[in-house]
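Q: I'll drop the sequence and a predicted model, then ask my questions.
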Amino acid sequence: MTAKNITPERDRETTERRILDTIGQMISENGFEKIGINAVATQSGVSKILIYRYFGSVEGLMATYIRQHDFWINFPQELPERNKLPEYLKQMFRSQIEQLRSNPTLRRLHRWELSSDNEIIVRLREQRENAGMQRIKRISELTGYPLKELEVLASVLTASITYLVMLEEFCPVYNGIPLNNNSGWEQITQGIDSLIDKVFQV
């Protein structure tokens, strides 16, 4: 990484964006473990004083980055009408697959989460859990489908997608599905579509 001249910044939004973009690049290149305030300041060209002022700490900076990029925390909570719900759910899971497959930093986040249990991760899990449960409860109310069954269905689908995307780099085939090929992921999305049609018949 090339050091940049540290210059004063007047525009807070621009400065925060620069810092967050920098930490995203650092995570993509080296993971979460090696991030420190000096490295972030040097790479971003923003003084340590401003980083502390805007984010409080390196942990606060990482928490902000994670919240901005977590799929389920940021996915809209608004649901469509009952007859449009199946297509909405299909697109939701397709979006999860597309974002995870196209974003190596997000995949690193999930690997880090599986091997860590610090305050950042605890808060992330709480936010994700709250967002997920709000969505599941609304779907249950909208469809009359039992909440406990929806909880299991959502857990199996979301966890399976995350696991398979993370496995793609190391395991080219899973149960006959070519994970290292777009055709395999189209097979997976079509299977999810079929399951949603059967569960949420209009």
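A: That came through, no problem. Residues are numbered from 1 along each chain as shown.
Q: for the protein, which helix is longest?
A: Longest helix in the chain by number of residues (criterion: DSSP state H): helix 119-143.
Q: quick one: least confident helix or strand in the chain?
A: helix 104-114 (a mean of 83; mean pLDDT, DSSP states H and E).
Q: mind listing what's buried in that helix?
A: 105, 106, 107, 108, 109, 112, 113 (16 or more other CB atoms under 10 Å). (Glycine included, C-beta is placed from N, CA and C.)
Q: Quick check: phi and psi at residue 178.
A: Reported as degrees, to the nearest 10, the phi and psi values for residue 178 are phi -80, psi 100.
Q: quick one: contacts for it?
A: 172, 184 (CB atoms under 8 Å, 6 or more residues apart in numbering).
Q: Buried residues, the longest helix of the chain. List them.
A: 120, 121, 124, 127, 128, 131, 132, 135, 136, 139, 140, 143.
Q: Would you map the strands across the protein?
A: 173-174, 177-178 (DSSP state E).
Q: Point out the most buried one among those strands.
A: Most buried of the strands of the chain, by mean neighbour count (mean count of other CB atoms under 10 Å): strand 177-178, with a mean of 14.
Q: Could you tell me which strands sit next to it in the sheet, and their orientation?
A: According to DSSP bridges, strand 177-178 forms sheet pairs with strand 173-174 (antiparallel).
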